[in-house]
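Enquirer: I would like to see how this sequence folds:
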Amino acid sequence: MGRGSSGGKTTKAGYVNKNGQEVVQATDLPGNDHNQVVYVLRCGSCGHRYGANGSDIWQRKCPACGGGAAGLAF
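Expert: Numbering: from 1, shown residues only. You can find the predicted model right below:
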């Protein structure tokens with residue numbers, strides 16, 4: 001799926017950010033940012049799955065191959 005393929009809603013499954021990170025699904029787990037929940041992201045390059053706050057999706061980079069911050073547990 002291409003960038004913004006879900007109509008620009010960064011927390012919607014299928015959204016891909018500018019760094020190739022795709023939203024897989026939301027969880028019911030609390031994030032570590034104010035009023036956030038954890039979303040599962042998948043790297044378009046290496047396939048690594050990791051958790052991120054909804055507020056961070058737009059800018060996330062893969063922690064395994066892209067030099068991004070460590071992901072949240074999910």
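Enquirer: only C-alpha atoms from now on, for both contacts and neighbour counts.
Expert: Fine.
Enquirer: next up, phi/psi of V40, please.
Expert: Dihedral pair for V40: phi -90, psi 130, per degrees, to the nearest 10.
Enquirer: just the pLDDT for it.
Expert: In this prediction, V40 carries a pLDDT score of 98.
Enquirer: grab the CA positions of the strand or helix carrying D28 and hand them over as PDB.
Expert: Here D28, judged by DSSP states H and E, is contained in strand 21-30. Only the C-alpha atoms of strand 21-30 are listed here, as PDB (Å, rounded to 0.1, in the frame of the first residue of the first chain):
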ATOM      1  CA  GLN A  21       6.000   1.900   8.300                       C
ATOM      2  CA  GLU A  22       2.500   0.400   8.000                       C
ATOM      3  CA  VAL A  23      -0.200   0.400  10.600                       C
ATOM      4  CA  VAL A  24      -1.300  -3.200  11.200                       C
ATOM      5  CA  GLN A  25      -3.800  -2.800  14.000                       C
ATOM      6  CA  ALA A  26      -4.700  -1.000  17.200                       C
ATOM      7  CA  THR A  27      -4.400  -2.600  20.600                       C
ATOM      8  CA  ASP A  28      -6.200  -1.900  23.900                       C
ATOM      9  CA  LEU A  29      -2.800  -1.400  25.600                       C
ATOM     10  CA  PRO A  30      -2.000   2.000  27.000                       C
END
